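Participant: sharing a model prediction with you, sequence too.
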Amino acid sequence: MKRILTGVALASTAMILSAGPALAAPVNPVAPVQKQFVAGHGVKFAERVKIVAGGQRQVTIRRSGTLEFGPSGVVASDVTGQFNIKREDAERLADALKELGDEEFGIDLVTALTMPEHIVTKGRYTYLTGGLWSAVFNSNKSWIRVPGVQPIGATTVYSQPLNILSEPATLKTLLKGAKATKDGYAGKIQAKTLSKTSPIFSGILGLADGKSSVKGAISWKLSVDAKGLPTRLVSVVPATALGAKDAKGLAISVETTFSDWGTPVTVTAPPELEVAKTLDEAIVVPGPKTLPLSAIAH
């Protein structure tokens, strides 16, 4: 009997040792993020947007920048975005425009598509320059100012749809049905639910009236550090969740990484003399076949 008990004890000890220490549950990020909302502080981010189709993934947009915090959340931002477009692809687009009789604008557009877009939000306004805007800008001004601070710009429309820093309520909603992982949380949220919860998401899709026609669920994974601060957020958005029809198998994957939490940040608006305050002041219309503003302003 003594030998049997000794054998059981040794076997139990071996199992405990082989199992290793239990993994601690990830920290809920809601409170740690809110503690970061201190005036003059902020966080840096980098983002990659991929088109997912037929098992293939292609990086289409890269964005990076800094978010400035205030007591209630993000109060300003300075972001640069750029399309990952090959020269030959841009030239093919120029040829297509040439066939439409807009040769001059096609050349301008080729150059514009290869340039980074710069977006600054400050106070009650968003300021835009570069990228596609450079193809239609009046040479007397280098920035255009538009009311509001929702994401605007050609490289922003497919940015991270889960605005967990700009919208603390969105982060809380995501975590309600989330599952804990080894380094954070994961889950899904219906696009229709997100459009009701997130003013930024609904604004990008033009769903501010609350009449959502989007379908599908957005899958997401959030990694947090030991303090509960987000380090990486990945979302996969089916095209139907962005309002597209008959787009089976097509999706957008957005990976956002966060770094330098609590770093001093002061975002400044562009110099007044360089800013056009109306579209009429900013835009030069080359001709009747010019790319419409609705295609570059979202």
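Facilitator: Yep, that arrived.

Participant: show me where pLDDT drops low in the stretch 1-150 of the chain?
Facilitator: When the per-residue scores of the stretch 1-150 of the chain are filtered using pLDDT under 70, the ranges that remain are 1-24, 87, 93, 97, 100-109, 138-139.

Participant: show me where it has its helices.
Facilitator: Under the criterion DSSP state H, counting those that start in this stretch, the stretch 1-150 of the chain carries helices at the ranges 2-19, 30-35, 87-99, 103-113.

Participant: cool, and the stretch 151-298 of the chain?
Facilitator: Secondary structure of the stretch 151-298 of the chain (DSSP H, counting those that start in this stretch): helices at 168-176, 191-197, 199-204, 279-282.

Participant: of all those helices, which lies closest to residue 229?
Facilitator: helix 168-176 (11.8 Å; Cβ to Cβ). Quick note: C-beta positions are derived from backbone N, CA and C, even for glycine.

Participant: ok, residues contacting that closest one?
Facilitator: Counting by Cβ atoms under 8 Å, 6 or more residues apart in numbering, helix 168-176 makes contact with 28-30, 33-34, 73, 162-165, 185, 187, 189, 193-194, 197-198, 220, 222, all of which sit outside it.

Participant: please redo it, this time with the cut-off set to 6 Å
Facilitator: Taking Cβ atoms under 6 Å, 6 or more residues apart in numbering as the criterion, the residues outside helix 168-176 that touch it are 30, 163, 164, 197, 198.

Participant: make TSV out of those and add neighbour count.
Facilitator: What follows is those, written out as TSV (neighbours: other Cβ atoms under 10 Å):
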residue	neighbour count
30	15
163	24
164	24
197	16
198	22
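
Participant: can I get these in TSV with distance to residue 58?
Facilitator: Converted to TSV, the contacts of helix 168-176 look like this (distance: Cβ to Cβ, whole Å):
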residue	distance to residue 58
30	34
163	24
164	25
197	30
198	26
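
Participant: how much space between residue 158 and residue 237?
Facilitator: Distance, residue 158 to residue 237, by Cβ to Cβ, to the nearest Å: 8 Å.

Participant: who has more neighbours, the two?
Facilitator: Legend: neighbour count by other Cβ atoms under 10 Å for residue 158 and residue 237, higher for residue 237 (26 against 22).

Participant: where's that one relative to residue 214, distance?
Facilitator: Per Cβ to Cβ, residue 237 is found 10 Å from residue 214.

Participant: what's the answer for residue 81, then?
Facilitator: For residue 81, the distance to residue 214 - Cβ to Cβ - is 23 Å.

Participant: rewinding a little: tell me which of the contacts of helix 168-176 is nearest to residue 281?
Facilitator: Within the contacts of helix 168-176, the smallest distance to residue 281 is 30.5 Å, found for residue 163 (Cβ to Cβ).

Participant: looks like the closest one contacts residue 200 (just checking).
Facilitator: Yes. Here residue 163 reaches residue 200: they are 4.9 Å apart, a contact under Cβ atoms under 6 Å.

Participant: in this protein, which residue is most central in space?
Facilitator: residue 160 (2.4 Å; Cα atoms, centre = their mean).

Participant: now do the contacts for that one.
Facilitator: Under the contact definition (Cβ under 6 Å, 6+ apart), the residues listed for residue 160 are 254, 256.

Participant: switch the cut-off to 10 Å
Facilitator: Applying Cβ atoms under 10 Å, 6 or more residues apart in numbering, one finds that residue 160 lies in contact with 45, 47, 49, 63, 151, 166, 200-201, 220, 233-235, 237, 254-256.

Participant: next: residue 36.
Facilitator: 42, 43, 67, 69, 73, 165, 227, 229, 230, 261, 262 are the contacts of residue 36 under Cβ under 10 Å, 6+ apart.

Participant: where's it relative to residue 127, distance?
Facilitator: Residue 36 sits 25 Å away from residue 127, taking Cβ to Cβ as the criterion.
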